[in-house]
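A.B. asks: I'll drop the sequence and a predicted model, then ask my questions.
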Amino acid sequence: MTEAAGYNVAILGATGAVGTRLIEQLSQSTIPVKSLKLLASARSAGQTRTFREQAIVIEEAQPASFEGIDLVLASAGGSVSAALAPEAVKRGAVVVDNSSFWRMHDDVPLVVPEVNEQALYEHHGIIANPNCSTIQMVVALEPVRQAYGLNQIIVSTYQAASGAGQTAWNELNAEATQHLAGETMTADILPVKGAQHHYPLAFNLLPQIDVFEEEDYTHEEWKMIRETKKIMLGDKFSKDIKVTGTAVRVPIGIGHGESIYFEVSDAEKANVAGIRQVLSTADGVVLQDDPANQLYPQPLNAEGKRETFVGRIRRDVENDGSFHMWVVADNLLKGAAWNTVQIAERLVALDLVHVPANVTIPGPKAE
């Protein structure tokens, strides 16, 4: 399939919060779409969605659905991607997957185009889209790393309810209504659907995103640590940059915020003015950093935008060579749908929408 002729594209998970945005972002992209197939679960089959003024009927996702497809944009959850992504690759499609299943697989590139586009050349048919909170952090920090080096990152996240899915977002709204009416808030989802205890998010903060794992870090926190190292350094266990963090769910609908402490390698060269200058011209970054006029990134202003917003840049007054910044992005766009489509755009531009000959399809186990 040549670019001039266009690509046969499928969106897997087309009815979810990210899936609907994938349709929207694809419609606005530079990708020449010859045909579009929308795939979801059996319960969604028969519904319609609109793409470039054309109504498309949603089909149940099955292995045979990928016959004749060149490019798959997937956001259907880990178990679905584990089962269907290899089936798509077997049929000659390249898959850009938004679930967590493939991210730590050694044979699957984990890509943020502004940071490590070159990793796309190593794909074996599947490319993973990173965690939403990781994406905005590395977009903001990679220009700093290129200019001054990085020794350490400590991040505290302020993550929106939509990061846990549409049902969690709906529950937040229901809880707020209950609380304002003087009723008892009902919580059935957060912090983790299958957990022993559930707590309301409305008018609250939850210092747990996903399950607790080794050293009492949550799965979300370990994802940020390992994904950052894989994206920046090509090794999820690298010791070249120390990364740690605390992930917190906050009662807003869309837009993750992050307070980031970072230590640079070239302490003598780095200063606030220089960091601001570097970020002012960085790809995908919007600098909003004018404390005198109370200009700084806010989730409300980032909603619906593709860029990553950076502000509150300042030196750490106790530690030489260390700085702080505040980073905000729309977790459903740059953190998910847009980064996925952006990867697909780069695959098209680099003529990489093809499965290498004699490819070994990534195995069934996530690491």
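C.D. replies: Looks like it came in fine. Numbering: from 1, shown residues only.

A.B. asks: Output stretch 12-20 as CSV - backbone C-alpha positions only.
C.D. replies: What follows is stretch 12-20 as a C-alpha-only set of coordinates in CSV (Å, rounded to 0.1, in the frame of the first residue of the first chain):
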residue,chain,number,x,y,z
LEU,A,12,-9.9,-1.0,18.0
GLY,A,13,-11.9,0.1,21.1
ALA,A,14,-13.7,2.8,19.1
THR,A,15,-16.5,3.5,21.6
GLY,A,16,-14.4,4.3,24.7
ALA,A,17,-13.3,7.7,25.9
VAL,A,18,-10.0,7.4,24.1
GLY,A,19,-11.5,5.6,21.1
THR,A,20,-13.9,8.4,20.4
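
A.B. asks: Next, count neighbours for the spatially closest residue to Gly321 that is not a sequence neighbour.
C.D. replies: Sequence neighbours aside, Ala267 is the residue nearest to Gly321 in space, at 2.8 Å (criterion: Cβ to Cβ, 6 or more residues apart in numbering). Backbone N, C-alpha and C define where each C-beta goes, glycine included. The number of residues packed near Ala267 is 15, by other Cβ atoms under 10 Å.

A.B. asks: How about Pro143?
C.D. replies: 22.

A.B. asks: So it belongs to a helix, correct?
C.D. replies: Yes: counting by DSSP: H, G, I helix; E, B strand; the rest coil, Pro143 is located in a helix.

A.B. asks: Looking at the nearest residue to it once chain neighbours are set aside now. What's its pLDDT?
C.D. replies: The spatially closest residue to Pro143, leaving aside those adjacent along the chain, is Ala282, at 4.0 Å (Cβ to Cβ, 6+ apart). If you check Ala282, the pLDDT there is 98.

A.B. asks: I'd like to know how far Ala282 sits from Val139.
C.D. replies: Distance of Ala282 to Val139, computed by Cβ to Cβ, to the nearest Å: 8 Å.

A.B. asks: of these two, who's got more company?
C.D. replies: Val139 (26 against 20).

A.B. asks: ok, the more buried one - contacts?
C.D. replies: Val112, Glu114, Val115, Ala282, Gly284, Val285, Thr308, Ala329, Lys334 (Cβ atoms under 8 Å, 6 or more residues apart in numbering).

A.B. asks: Which of those sits closest to Glu171?
C.D. replies: Distance to Glu171 across the contacts of Val139 (Cβ to Cβ) is lowest for Ala329, with 22.9 Å.

A.B. asks: dump the residue contacts of that closest one.
C.D. replies: Cys132, Ile135, Gln136, Val139, Gly255, His256, Ala302, Glu307, Thr308, Phe309, Gly335.

A.B. asks: Check Arg145 too.
C.D. replies: Listed by Cβ under 8 Å, 6+ apart, the contact set of Arg145 reads Met232, Ile241.

A.B. asks: got it, and Val278?
C.D. replies: Counted by Cβ under 8 Å, 6+ apart, Val278 has contacts Pro143, Val144, Gln146, Ala147.

A.B. asks: I'd like the distance between it and Ile313.
C.D. replies: 10 Å.

A.B. asks: Could I get the full set of helices for the stretch 201-350 of the chain?
C.D. replies: Using DSSP state H, counting those that start in this stretch, the helices of the stretch 201-350 of the chain run over 219-233, 272-280, 299-302, 338-349.
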